[in-house]
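In: quick one: sequence plus predicted model below, questions after.
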Amino acid sequence: MSNNKSNKSKMLYTFFAWLISLAIFFPILWTILTSFKTETEAIASPPSLFLFDWTLENYNKVMQQSPYFKHFWNSVVISVGSSLLGLLIAIPAAWSMAFIPTKRTKNLLMWMLSTKMLPPVGVLIPIYLLFRDLGILDTLGGIVVIMTLINLPIMTWMLYTYFKEIPGEILEAARMDGASVGQEILYVLAPIALPGIASTLLLNVILAWNEAFWTLILTTVNAAPLTAFIASYSSPEGLFYAKLSAASTLAIAPILILGWFSQKQLVRGLSFGAVK
Amino acid sequence: MGSITLKQVTKSFDDNHVIRPLDLEIEEGEFVVFVGPSGCGKSTLLRIIAGLEDVTSGEISIDGADATHMPPGKRGLAMVFQSYALYPHMTVRNNIAFPLKRAKLEKNIIEQKVNQISNVLNLTDYLDRLPGQLSGGQRQRVAIGRAIVREPSAFLFDEPLSNLDASLRVNMRLEISQLHKDLKTTMIYVTHDQVEAMTMADKIVVLNAGKIEQIGSPLDLYDNPINKFVAGFIGSPKMNFITMTMDTNPEVDSIGVRPEHFNISDTEGTWKGTVGVAECLGSETYLYVQIPDIGQLTIRTDGNCPFKYGDTIFLSVDSENVYYFAKNGTCIPLD
């Protein structure tokens, strides 16, 4: 009787889980489906879900019209570059806050996080002018730096949470054994915190890959990543939904595949410390 | 090598004075034990010597050289932590080799030393295991191995046995004592377990609220405590204190009698009381005796003690076994 009941509730939970997952995934599915439609079918009403003439024409056109691989490469440089540079700064910062906290460490962490609460448009003009005056508009270097700065608070927070779980005595033992601060981080802290560091890196690659505000404003041609590539299909001549969808699919495909393969690591990393 | 001197060392965290101005001389090759109740500053003092905490003021010298601001790794000291603090991602071999690698020794010398130490500590079969695959006792041995391999001028132990079960603790206690006899290196050992303190130490430093109450050999502290705190802290079960209501000597506020110094009789004695709980340990018996107007006294007697719950007994004590304490707690010498 109770077994039957628990089976029923299990089915109910599963049903809702699927429903929610589908709702979350639906826009992506819709984009992918639209990318295989013709422009007319893409705006047809009522829309057809699967019953349409599947075509690869949009992909052909998109690949011909714009240099996909150049944008792809820019996206890779920006997301991986900013994440690695961010780690280089965030690891020592999180180390000092986790293992040598002061009275104001908590405030400092809150302050860092508060910068994420600021609408980016609020600092648009000063940052744009700074970039212009420094001559780094539309350069990969410039965009890597700004991406690093944007994601640094989250990286530091995440790493701080992981490091807090590591007993300080292990690092003190390394210090007693004659390790310098650098060696202590390199040989002891980093290997122990590797899962945490990996998921921090992964999450930031995804965040930087998908970031569209700054990349659209600070780049035009040379340093434009895939977000700019998508945006270029929303033109003054009108919206070409099918091509826009094809461009979007091409842009999100790499990160979707990366996310799929690393989901275990990501979930483990993001829920780390939630249950002790 | 291995003499350590502390001169007027203090440590404060904001307004909290953890270590009050303190002088301490640790001779070469000595086994010194810091004991005291929790929060007395014994671990902080050890960490100050290790260099893991800065002093607020004062000087530390190791082998005559000023080490006050020297980083931990340069002091030539090795530490064994309460949690062992092994590197969880390194094998036993790499754990032991870690300090040698930091000292940039040659590979074959490192290997030779690691093998030698693992032989001494019976760790040869476990060299390629990770710490997580070892028992508590084995982990403790690895931690000791990692400390010994550096051939430090002194070892610092921070409650190293408190995570082990009772029987293993006795074994490890003996092993550490044996190690001290073999190596003849200075050892500083922090514990709150006074059996460890009494059995291992050449010299015990009794700490209370950040200051040294008394320094001396175990028996010296047992026989001649300087005040009520030391008298109560050294000895297990602890000394009984009886507040004096009337006495010929107005200086005396209370007297102290160790549980093992009572004479028990069923017919006559100074105090008459009723046996409460009687704990028979086989080799000895602890009687908790309720005395009207005084309270409960703890008595230690033979294993085959005939008294049981509810019995009326009489207690007396020989005058040479009575300690007298003044109101401020200091021990008043016998006339």
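Out: Structure received.
In: could you use CA atoms for every contact and neighbour count after this?
Out: Will do.
In: need the residues of the stretch 1-150 of chain B near chain A, please.
Out: B:50, B:52, B:72-74, B:77-79, B:81, B:83, B:85-89, B:98-99, B:102-103 (C-alpha under 8 Å from any C-alpha of the partner chain).
In: from those residues, which would you call buried?
Out: B:50, B:52, B:72-73, B:77-79, B:81, B:83, B:85-89, B:98-99 (16 or more other C-alpha atoms under 10 Å in any protein chain shown).
In: restricted to helices, list those residues.
Out: Of these, the ones assigned to helices by DSSP state H are B:50, B:98-99.
In: nearest to residue A:22 among those residues?
Out: residue B:98 (51.5 Å; C-alpha to C-alpha).
In: what's the domain layout of chain B?
Out: B:4-231, B:240-332 (automatic domain parsing).
In: which SSE is residue 19 in?
Out: I'll assume chain A. helix A:2-34 (DSSP states H and E).
In: try again with chain B
Out: Going by DSSP H and E, residue B:19 is part of strand B:16-26.
In: check which element follows that strand along the chain.
Out: Assigned by DSSP H and E, the successor of strand B:16-26 is strand B:31-35.
In: what's the angle between that following strand and strand B:16-26?
Out: 160 degrees (axes from the mean of the first three to the mean of the last three C-alpha atoms, to 10 degrees).
In: related to what we said a few turns ago, could you dump the ones in helices among the buried ones among the residues of the stretch 1-150 of chain B next to chain A to a markdown table with pLDDT?
Out: Formatted as a markdown table, those follow (pLDDT from 0 to 100):
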| residue | pLDDT |
| --- | --- |
| B:50 | 96 |
| B:98 | 96 |
| B:99 | 95 |
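In: and which of these is nearest chain A?
Out: Nearest to chain A among these: residue B:99, at 4.6 Å, using C-alpha to the nearest C-alpha.
In: mind checking which of the residues of the stretch 1-150 of chain B next to chain A are in strands?
Out: B:77-79 (DSSP state E).
In: okay if I get those residues as CSV plus pLDDT and distance to residue A:122?
Out: Formatted as CSV, these follow (pLDDT from 0 to 100; distance: C-alpha to C-alpha, whole Å):
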residue, pLDDT, distance to residue A:122
B:77, 95, 55
B:78, 95, 54
B:79, 95, 53
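In: which one of those is nearest residue A:244?
Out: Distances from residue A:244 to these, taken by C-alpha to C-alpha, are shortest for residue B:79, at 63.9 Å.
In: tell me how far the closest one lies from residue A:177.
Out: In this view, residue B:79 and residue A:177 are 9 Å apart by C-alpha to C-alpha, to the nearest Å.
In: and the residue in the stretch 51-200 of chain A that chain B sits nearest to, backbone torsions?
Out: Per C-alpha to the nearest C-alpha, residue A:178 is where the stretch 51-200 of chain A lies closest to chain B, at 3.8 Å. Per-residue torsions, residue A:178: phi 100, psi 10 (degrees, to the nearest 10).
In: so it touches residue B:101, yeah?
Out: No. If you go by C-alpha atoms under 8 Å, residue A:178 and residue B:101 don't touch, sitting 9.2 Å apart.
In: more neighbours: which of the two?
Out: residue A:178 (25 against 16; other C-alpha atoms under 10 Å in any protein chain shown).
In: now the more buried one, nearest residue through space, not along the chain?
Out: residue B:73 (3.8 Å; C-alpha to C-alpha, 6 or more residues apart in numbering or on different chains).
In: got the CA positions of the helix or strand following the helix holding residue A:19 in CSV?
Out: Using DSSP H and E, the next helix or strand after helix A:2-34 towards the C-terminus is helix A:39-42. Extracted C-alpha coordinates of helix A:39-42, given in CSV (Å, rounded to 0.1, in the frame of the first residue of the first chain):
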residue,chain,number,x,y,z
GLU,A,39,12.5,32.3,-43.2
THR,A,40,8.8,32.0,-44.2
GLU,A,41,8.2,28.9,-42.0
ALA,A,42,10.0,30.6,-39.2
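In: elements contacting helix A:39-42?
Out: For helix A:39-42, the packing partners by 3 or more C-alpha pairs under 8 Å, 6 or more residues apart in numbering or on different chains; DSSP states H and E come out as helix A:241-261.
In: flag every buried residue along the helix it packs on.
Out: A:241-252, A:255, A:259.
In: what's the answer for stretch B:320-335, then?
Out: B:323-326, B:329-331.
In: farthest-separated two in the residues you listed?
Out: So, the buried residues of stretch B:320-335 by C-alpha to C-alpha: farthest apart are B:323 and B:329, at 11.2 Å.
In: still on that earlier bit, pull the strand holding residue B:19 out as CSV, backbone CA atoms only.
Out: Presented in CSV, the C-alpha positions along strand B:16-26 are these (Å, rounded to 0.1, in the frame of the first residue of the first chain):
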residue,chain,number,x,y,z
ASN,B,16,42.0,39.5,24.7
HIS,B,17,45.3,38.8,26.3
VAL,B,18,45.9,35.2,25.5
ILE,B,19,49.5,35.1,26.7
ARG,B,20,50.6,37.4,29.5
PRO,B,21,54.2,38.4,29.8
LEU,B,22,56.0,35.1,30.1
ASP,B,23,59.6,33.9,30.4
LEU,B,24,60.5,30.3,29.7
GLU,B,25,63.8,28.5,29.2
ILE,B,26,63.8,25.1,27.4
